[in-house]
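Novice: Predicted model and sequence follow; I will ask about them next.
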Amino acid sequence: MGWKNSTNQFGWITRLLHWLVAAHILGLIGLGWYMVDLSYYDPNYHDALEYHKAFGVVALFLGGLKVLWYLLNQQPLPPAPLPAWQHWAANTVHYLLLLLMVAIPVSGYLISTSAGDGINLFDLFELPALLTISDDTRDLATLIHEWLAYGSLGLVGLHAAAAFKHQFIDRDGTLKRMLW
């Protein structure tokens, strides 16, 4: 397996980015769910929020890198011919997931920096706020952030179900192409 994609297989960079981004985003969604049940005065709330913000910036970096790699690299052909609706559905889900990899962290950045404060990145440095936004805009960004995160879970579930269907029902090796 080469480092770049070919017409037949995904390269190791694509595979690495795929699994890093997947694990990272699922972890952030889990942390977000945990945080929603905490009150502002809970001793774990502020630490969880700081980690969520910092790992959200990492998610933006990894997601941006994945989108850039996707745009600059050829995509392997499906291992078997697909009906037109499956081809359309697969492309639509992939494009939406790529969009969400950037949109969710950007909305989180807007929420986190809405008052003009930067984001502390693991006590290494601070990512500055680029702009301040009104409370109404922050509330809208919060709603968008939440709904996009829930929507991404649905798309990830659909993506995984399709991969399992291709691997275990169609037996066309689709899932195996993304595994090591």
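Specialist: Looks like it came in fine. A quick note: this is a predicted structure, and the numbers were derived from the prediction, not measured. Residues are numbered from 1 along each chain as shown.
Novice: Only C-alpha atoms from now on, for both contacts and neighbour counts.
Specialist: OK.
Novice: Quickly find the element holding the residue sitting furthest away from the middle of the chain.
Specialist: In the chain, Y41 marks the outermost C-alpha relative to the chain mean, sitting 29.4 Å out by CA atoms, centre = their mean. Counting by DSSP states H and E, no helix or strand carries Y41.
Novice: what's around L82, how many residues?
Specialist: 11 (other CA atoms under 10 Å).
Novice: any idea how far D170 is from it?
Specialist: Distance, L82 to D170, by CA to CA, to the nearest Å: 11 Å.
Novice: For the strand or helix carrying F61, enumerate the helices and strands it packs against.
Specialist: Per DSSP H and E: F61 is located in helix 45-72. In terms of contacts (3 or more CA pairs under 8 Å, 6 or more residues apart in numbering; DSSP states H and E), helix 45-72 is packed against helix 12-36, helix 84-112, strand 119-121.
Novice: now it, how far from the centre of its chain.
Specialist: From the chain centre to the centre of helix 45-72 is a distance of 8 Å (CA atoms, centre = their mean, to the nearest Å).
Novice: Could I get the buried residue list for that helix?
Specialist: Neighbour counts using 16 or more other CA atoms under 10 Å place 45, 48, 50-67 of helix 45-72 among the buried residues.
Novice: Assign a three-state SS to S6, would you?
Specialist: Following DSSP: H, G, I helix; E, B strand; the rest coil, the label given to S6 is coil.
Novice: number of nearby residues for D42?
Specialist: Neighbours of D42 under the rule other CA under 10 Å: 11.
Novice: one step back: got the helices and strands packed on helix 45-72 as CSV, with distance to S152 and mean neighbour count columns?
Specialist: CSV is the format used below for those (distance: least, CA to CA, whole Å; neighbours: other CA atoms under 10 Å):
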stretch, distance to S152, mean neighbour count
helix 12-36, 9, 16
helix 84-112, 7, 17
strand 119-121, 24, 18
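Novice: Tell me which of those sits nearest to D135.
Specialist: helix 84-112 (9.5 Å; CA to CA).
Novice: need the contact list for H159.
Specialist: A90, V93 (CA atoms under 8 Å, 6 or more residues apart in numbering).
Novice: Could you check how far it is from G118?
Specialist: 34 Å.
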